[in-house]
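Trainee: just coords:
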């Protein structure tokens, strides 16, 4: 029994209870085991230190967040225009907090960026050898007076920061137009249908916008021709009285054509050139405008006499209909109403006059920037979508008019139409900088025409946009 006291129950080896049990491991393993134990202690101490760093970082972050919140509130009270207090929902609770306001769109900068790209494209089409722009109706690429007059008018109407780099070419184009002026003061090309009054009116506008003092002599000659060309020799009862013929006088059937578009350009050119508002030419033109507008102050048939304008007193691209009395009414539509409205301003009517108010109400009811309004869905796409950029430029001139030395913006309840027009033109501008109408038939499929009209619209809008001089 005494011998069993020293026996190990697991391996059956004998051991002396009085002496310590001998280790079966080597000294090297003993050292290794000791080393592992010390490493565990170091790691435990390092983990604790890392945890402390994370806790400290979190506390610093929360402190910084609190400081930023206090700073934001101070700044919001000091600069209320830069910050806005909003309500936010978090886990069902509504909290009020200060946030920096979004930077508003600089409409002037966006417009200038578009204008710069459009101007660059237009000037690339300039024919260096001849000093003008190619006529869209000619197969061979040679400069023509009608297209050059329109393109120069559009380019010269831009602010100096846009047109400045191209002034040499613009003055060359002006000399090209002057070289096409005949002894009577009309600018035209030597072909059958030369658009003499159109081209002369656009040339007058171009020279006035480019340098009124430098081209004063030519401006006087152009203006004198347009005054003489007015159909003032007809009886006052003639529906063409006070207008201008689209083509030259002569045997051509179309030579008797008159319309609101040409009339608006001639009146604009005379107005911008500084012709006195009391001149008889404006009074005679006003009679033609009255006959072209669907307006009667002595009737309540506002659906028929809606205040808009037709193409002429005897024609409308939007069609016609008969009243119960048998009268033929030539339908009002967008671009014609814009031409008529701005013409009323040129002849001296005030914004509060009944005829101006009637035209404005028509535009307010029918205003759209998707197409030329006033056409029914089944009517020709050639007119309602083919007269698009022209409509834009005339709309901008009708609703942004000059009063003394300032320009006045007319707005409607639908919102800022001029901002919407800028956004739409931005969408439609092509990568090269030009604008082109996909619908053909009215000339806007030619990029020089569409781009010129778009630039004219943008230049008019720029006159009422606040601009602080930021880069674009």
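Mentor: On my side now, so go ahead. For clarity, every value in this text was computed on a predicted model and none was experimentally measured.
Trainee: What helix or strand is the residue nearest the centre of the chain located in?
Mentor: Ranked by distance to the mean C-alpha position of the chain (CA atoms, centre = their mean), the top residue is residue 422 at 1.8 Å. Assigned by DSSP states H and E, residue 422 belongs to helix 417-428.
Trainee: for residue 267, same thing?
Mentor: Here residue 267 is assigned to helix 260-272, by DSSP H and E.
Trainee: And the pLDDT at residue 135?
Mentor: As predicted, residue 135 sits at a pLDDT of 88.
Trainee: residue contacts, it?
Mentor: 142-147, 189 (CB atoms under 8 Å, 6 or more residues apart in numbering). C-beta: built from backbone N, CA, C; applies to glycine.
Trainee: Now with 7 Å, please.
Mentor: For residue 135, the contacting residues are 144, 146-147, by CB atoms under 7 Å, 6 or more residues apart in numbering.
Trainee: from these, which is closest to residue 324?
Mentor: residue 146 (43.7 Å; CB to CB).
Trainee: lowest average confidence, helix or strand, in the chain?
Mentor: Lowest mean confidence among the helices and strands of the chain (mean pLDDT, DSSP states H and E): strand 83-90, at a mean of 54.
Trainee: okay, now residue 356: neighbour count?
Mentor: 20 (other CB atoms under 10 Å).
Trainee: Can you tell me the element it falls in?
Mentor: helix 354-366.
Trainee: Show me what secondary structure element comes after that helix.
Mentor: helix 381-384.
Trainee: contacting residues for residue 349?
Mentor: 355-356.
Trainee: Could you verify that it is part of a strand?
Mentor: No. Counting by DSSP: H, G, I helix; E, B strand; the rest coil, one finds residue 349 to be coil, located in no strand.
Trainee: Just read off the phi/psi values of it.
Mentor: phi -70, psi 150 (degrees, to the nearest 10).
Trainee: how far away is it from residue 239?
Mentor: 20 Å (CB to CB, to the nearest Å).
Trainee: quick revisit: hmm, residue 110 and the residue nearest to the centre of the chain touching each other?
Mentor: Yes. The pair residue 422 and residue 110 passes the contact test of CB atoms under 7 Å, sitting 6.0 Å apart.
Trainee: Just name whatever secondary elements the next helix-or-strand element following the helix holding residue 422 is in contact with.
Mentor: Note on helix 417-428: by DSSP H and E, the next helix or strand toward the C-terminus is helix 447-462. When contacts are defined as 3 or more CB pairs under 7 Å, 6 or more residues apart in numbering; DSSP states H and E, helix 447-462 packs onto helix 107-124, helix 145-156, helix 389-399, helix 417-428.
Trainee: Need those in a markdown table (columns: mean pLDDT).
Mentor: Converted to a markdown table, the helices and strands packed on helix 447-462 look like this (pLDDT from 0 to 100):
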| stretch | mean pLDDT |
| --- | --- |
| helix 107-124 | 96 |
| helix 145-156 | 97 |
| helix 389-399 | 98 |
| helix 417-428 | 97 |
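Trainee: Determine which of those approaches residue 216 most closely.
Mentor: helix 145-156 (15.4 Å).
Trainee: List of residues touching the helix or strand following the closest one?
Mentor: The helix or strand immediately downstream of helix 145-156 is helix 160-163, counting by DSSP H and E. Identification of contacts with helix 160-163 by CB under 7 Å, 6+ apart yields 112, 115-116, 119, 155-156, 170.
Trainee: next one: stretch 273-288
Mentor: 204, 208, 219, 223, 227, 230, 232, 236, 241-243, 263, 267, 270, 347-348.
Trainee: Ends of it, what's the gap?
Mentor: 21 Å (CA to CA, to the nearest Å).
Trainee: for that stretch, what is the average pLDDT?
Mentor: Computed over stretch 273-288, the average pLDDT equals 97.
Trainee: what does stretch 58-76 give?
Mentor: So the average pLDDT for stretch 58-76 ends up being 78.
Trainee: on that earlier part again, helices or strands next to the helix holding residue 267 in the packing?
Mentor: Helix 260-272 packs on helix 196-211, helix 216-229, helix 280-292, helix 334-346, going by 3+ CB pairs under 7 Å, 6+ apart.
Trainee: Distance check, residue 59 against residue 51.
Mentor: Counting by CB to CB, the gap from residue 59 to residue 51 is 13 Å.
Trainee: actually residue 422, sorry about that
Mentor: Taken as CB to CB, the span from residue 422 to residue 51 is 58 Å.
Trainee: same check, this time on residue 166
Mentor: Taking CB to CB, one finds residue 166 at 70 Å from residue 51.
Trainee: Which one's more surrounded, those two?
Mentor: With neighbours defined as other CB under 10 Å, residue 166 and residue 51 compare such that residue 166 has more, 19 against 10.
Trainee: Nearest spatial neighbour of residue 390, chain-adjacent residues omitted?
Mentor: Among residues not flanking residue 390 along the chain, residue 453 sits closest, at 5.2 Å (CB to CB, 6 or more residues apart in numbering).
Trainee: Residue 135 versus the closest residue to residue 181 other than its chain neighbours, what's the distance?
Mentor: Distances taken as CB to CB, 6+ apart put residue 187 closest to residue 181, at 5.2 Å, once the chain neighbours are dropped. Distance, residue 187 to residue 135, by CB to CB: 13 Å.
Trainee: Residue 392 now?
Mentor: Distance, residue 392 to residue 135, using CB to CB: 23 Å.
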